[in-house]
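A.B. asks: fold the following for me, if possible:
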Amino acid sequence: MERDLDNANPTILNVSQLPSRTRKGIAARHGPDSRCDSVVYPKSHWPYGSSSSSDEGDGDGEEPVDEQDIYDLISTISDPEHPHTLGQLSVVRLPDIHLSPSPAELSDRDSLVTVLVDLTPTINHCSLATVIGLAVRCRLEQTLPPNYRVDVRMKDGTHAQDDQVTKQLADKERVAAALENDTLQRMVDKMLETCA
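C.D. replies: Okay, the predicted model is just below:
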């Protein structure tokens with residue numbers, strides 16, 4: 001049984017239009033499954049392993065994780081209804097990712113860092129907004145180190161029930177219960193396949 005799409009004709013960005021950072025030395029792998037390699041497989045411990053070594057000679061040459069690194073982790077999550085990624089559909093946008101404290105303010109590698117991601121669904125009554133938020137939250141919690149706290153929410157005014165969806169995504173017990181549902185877990189796993 002095929003179900004109708006909530007938004008059959010979303011605006012789709014070309015991969016070349018997505019925000020990216022050119023890094024030296026990251027050319028070993030190519031293709032959609034290698035986009036997050038520099039973040040997922042850092043050369044050293046998080047949060048200072050996301051970038052390639054610099055030429056400044058400052059010792060380890062590593063830079064702290066920033067908003068672009070977070071974007072790289074979640075923009076390749078596939079949409080549950082469309083054969084495109086959250087980045088291509090502008091559900092995830094670089095300006096809507098915030099780190100507190102900012103990477104420049106980090107004084108210690110083990111400092112508590114809050115990652116805030118505001119999602120913009122393709123339509124204001126998206127029935128899968130909670131599932132999308134759950135996938136983003138899972139991706140970040142599975143990938144980032146324990147000193148990173150993840151807060152995923154709907155951007156104000158972008159969804160008819162943005163406050164309710166945000167409340168569900170912030171409730172750790174609801175998130176845990178949702179992930180115990182085999183159908184939801186399979187859907188999230190399928191969405192994250194494009195990130196591996």
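A.B. asks: tally of neighbours for Arg149?
C.D. replies: Other residues within reach of Arg149, judged by other Cβ atoms under 10 Å, total 14. Quick note: C-beta positions are derived from backbone N, CA and C, even for glycine.
A.B. asks: once you drop chain neighbours, what's closest to it?
C.D. replies: Sequence neighbours aside, Thr114 is the residue nearest to Arg149 in space, at 4.8 Å (criterion: Cβ to Cβ, 6 or more residues apart in numbering).
A.B. asks: next: Arg174.
C.D. replies: Using Cβ to Cβ, 6+ apart, the closest residue to Arg174 is Gln168 (5.3 Å).
A.B. asks: name the secondary structure element that contains the one you found.
C.D. replies: In this assignment (DSSP states H and E), Gln168 forms part of helix 162-170.
A.B. asks: show me what that helix is packed against.
C.D. replies: With contacts defined as 3 or more Cβ pairs under 8 Å, 6 or more residues apart in numbering; DSSP states H and E, the packing partners of helix 162-170 are helix 129-143, strand 148-154, helix 172-180.
A.B. asks: Thr114 should be in a helix, yeah?
C.D. replies: No: Thr114: not assigned to a helix; according to DSSP: H, G, I helix; E, B strand; the rest coil it is strand.
A.B. asks: got a list of what it touches?
C.D. replies: For Thr114, the contacting residues are 99-100, 148-149, 151, by Cβ atoms under 8 Å, 6 or more residues apart in numbering.
A.B. asks: so Lys155 touches Asn124, yeah?
C.D. replies: No: with contacts counted by Cβ atoms under 8 Å, Lys155 stays clear of Asn124, the gap being 10.7 Å.
A.B. asks: doesn't Pro121 belong to a helix?
C.D. replies: No: under three-state DSSP, Pro121 sits outside any helix and is assigned coil.
A.B. asks: so how far is Gln142 from it?
C.D. replies: For Pro121, the distance to Gln142 equals 23 Å [Cβ to Cβ, to the nearest Å].
A.B. asks: who has more neighbours, the two?
C.D. replies: Using other Cβ under 10 Å, the more surrounded residue of Pro121 and Gln142 is Pro121, with 25 against 11.
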